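> Sharing a model prediction with you, sequence too.
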Amino acid sequence: MKFAVLVFPGSNCDIDCYKAIEDTVGEPVDYVWHTATDLSPYDCILVPGGFSYGDYLRCGAISRFAPVMKEVAKAAAEGKYVLGICNGFQILTEAGLLPGALRRNLSMKFRCHDTVLKVANNDTPFTKNYAAGEEIVIPIAHGEGNYYCDDETLARLQANNQIVFTYKDNPNGSVTDIAGICNEQGNVLGMMPHPERAVDALLGTDDGKRMFTSILNAWRDRHGAASVR
């Protein structure tokens, strides 16, 4: 399995994502610049956190037009795995790959601390190594993590089981405590908390490690290969 970590001007979690892949699954991983026009060699695309293009206009609003995003949309349509974390989640909503939008935190302050998440849906390629309803500790670091969607979209998310993670103690005002959602096909996930910063107990929690092993196991299941723990 081969992973791509996208890099935009202003990305600052790309190295974290790269190291998380190296340390948790040991599969090939490359940095891919935002001007790239071919993602065909990759099985999973990580859209990392940071402040792409300085978060001008809106978070992710300029990145949405980067050449590589056409390839991300193509990869998603082909059923490849796409994981957007923090700014990456914002970019995926701006690009229309996930519904809704991320607004300023209700506190109007940047929030940076551990949060307790509930695994609301463990039947996705990103969460199959978690238990349904399990509580995990994953850090956040954002000023615009307040997930919003209209009532019709929320009803659709709930009906299709697209709400993947919820906050135990909502830190930003997200509607119905949403911390992460997937698309209807289940192969695109966006989340505000940072699993790549939670892959070693030395960091305070290693609860994010199973997200990356879940992705690898989902890919191996698809290709008839043995799973990893």
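Good, I have the coordinates.
> Enumerate every residue touching residue 119.
Counting by CB atoms under 8 Å, 6 or more residues apart in numbering, residue 119 touches 127, 130-136, 164-165. Where C-beta positions appear, they are placed from N, C-alpha and C, glycine not excepted.
> Flag the shaky bits of the chain, pLDDT-wise.
228-229 (pLDDT under 70).
> residue ranges of the strands in it, please?
For the chain, applying DSSP state E gives strands covering 3-7, 29-33, 44-47, 81-85, 101-103, 111-119, 135-142, 146-148, 163-167, 178-182, 188-191.
> Adding distance to residue 17, write those out as JSON lines.
Below are the strands of the chain laid out as JSON lines (distance: least, CB to CB, whole Å):
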{"stretch": "strand 3-7", "distance to residue 17": "5"}
{"stretch": "strand 29-33", "distance to residue 17": "8"}
{"stretch": "strand 44-47", "distance to residue 17": "5"}
{"stretch": "strand 81-85", "distance to residue 17": "7"}
{"stretch": "strand 101-103", "distance to residue 17": "19"}
{"stretch": "strand 111-119", "distance to residue 17": "18"}
{"stretch": "strand 135-142", "distance to residue 17": "14"}
{"stretch": "strand 146-148", "distance to residue 17": "21"}
{"stretch": "strand 163-167", "distance to residue 17": "17"}
{"stretch": "strand 178-182", "distance to residue 17": "16"}
{"stretch": "strand 188-191", "distance to residue 17": "13"}
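> Ok, which of the ones you listed comes nearest residue 211?
strand 81-85 (7.8 Å; CB to CB).
> now the contacts of residue 119: which count as buried?
Neighbour counting with 16 or more other CB atoms under 10 Å marks 127, 130, 136, 164-165 as buried within these.
> Return the member of those nearest to residue 50.
residue 165 (20.2 Å).
> Relative to residue 44, how far out is that closest one?
Note on residue 165: its distance to residue 44, by CB to CB, to the nearest Å, is 18 Å.
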